[in-house]
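Q: with the input below, show me the fold.
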Amino acid sequence: MTKLLTSPWMTLPVSAIVYLAATVAFWKTPALPHHAPAGPSVNLNGASWEFHNPEADQLITELKEEKKSLDKRKQDLDELAARLKTEQEEVNSARQAVALLQTNFDKTVLHVQEDEGANLKKLAKVYSAMSPDSAAAILSGMDDTTVAKILVFMKEGETAGILEAISKKGDVDAKRAAALSDRLRLASTRN
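A: Numbers count the residues shown, from 1 in each chain. I've put the predicted structure just below:
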C-alpha cells in the first residue's frame, strides 16, 4: 500500500479529500446580528432596492423643513410686495394731490419774479402818473395777472383810484376789480 500511496496518481485524490475535509471542518455560517447595525439596514428577505438609511431620512427631513421655511419666506415676501405696492400707490396719489394743490396755489397766488420786477416798477410809475380813469382804460385791456402785478408796485392811494375807476364801468368790471383786489391780497414779490 505504500507503493500505492506514493504513486503520483494518488496525490490528486488525496489532496481533494484533504481540501474538502478542511473546508467542511472550518466552514461557519455567519450569525445574524441581534441589534440593528449603525449603517443602512437591508431587508434580506425583500427586494434589493428596499432599504432604510437613517442619514437619508435625516436629509429628507431637513430638506422638508427648509422647503417649509422657504415657502413661509416667499409668502412673507409676497405680502411685503403687496404692501409696498399699496403704499407706493398711496404715495403716488398723495404726490398727485400735492401737485394739483401746487398748481392751484400757483394760479391763486400772484408771484412777481426778480427779472420782471424792474419793468413792473417802471410801468407802475407810468400808470401812477396818469389819471385813474386813463390808467383804468389802459389796464382794462390787459389780463388780470399782469394788472395785479403792476398794481402791487403802486401806492395804496393810487391803486384805490384805479380800482375805483375800473369798478365804475359796470357790474362785470366791478367783479373784475374785486378779483384784482383778491389777487393783490395774495401777491408775493421776490425782490
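Q: only C-alpha atoms for contact and neighbour calcs from this point on.
A: Noted.
Q: all strands for this protein, in order.
A: Under the criterion DSSP state E, the chain contains strands at 41-42, 51-52, 110-112, 187-189.
Q: among those strands, show the one with the smallest mean pLDDT.
A: Ranked by mean pLDDT, the strands of the chain bottom out at strand 41-42, with a mean of 52.
Q: closest to the centroid, which residue in this structure?
A: For the chain, the residue nearest the mean C-alpha position is Leu84 (5.6 Å; Cα atoms, centre = their mean).
Q: from Leu77, how far out is that one?
A: Separation of Leu84 from Leu77 (Cα to Cα, to the nearest Å) stands at 10 Å.
Q: repeat for Thr23
A: From Thr23 to Leu77 the distance is 71 Å (Cα to Cα).
Q: give me phi/psi at Lys155?
A: phi -70, psi 160 (degrees, to the nearest 10).
Q: give me the number of residues near it?
A: 12 (other Cα atoms under 10 Å).
Q: for His52, name its beta-bridge partners.
A: Ser41 (DSSP bridges).
Q: ok, it - how many residues close by?
A: His52 - counted by other Cα under 10 Å - has 13 other residues nearby.
Q: quick thing: my sequence starts at 5, can you match it?
A: Sure, I'll start numbering at 5, so the last one becomes His56.
Q: give the closest residue to Tyr131 in space, chain neighbours not counted.
A: Ala139 (5.5 Å; Cα to Cα, 6 or more residues apart in numbering).
Q: flag the shaky bits of this structure, pLDDT-wise.
A: For the chain, the stretches with pLDDT under 70 are 5, 33-53, 112-118, 192-195.
Q: dump the residue contacts of Leu124.
A: Applying Cα atoms under 8 Å, 6 or more residues apart in numbering to Leu124 gives the contacts Lys153, Ile154, Phe157.
Q: please flag which of those residues sit within helices.
A: Lys153, Ile154 (DSSP state H).
Q: looking at neighbours, which among the contacts of Leu124 is most surrounded?
A: Going by other Cα under 10 Å, Lys153 tops those with 26 neighbours.
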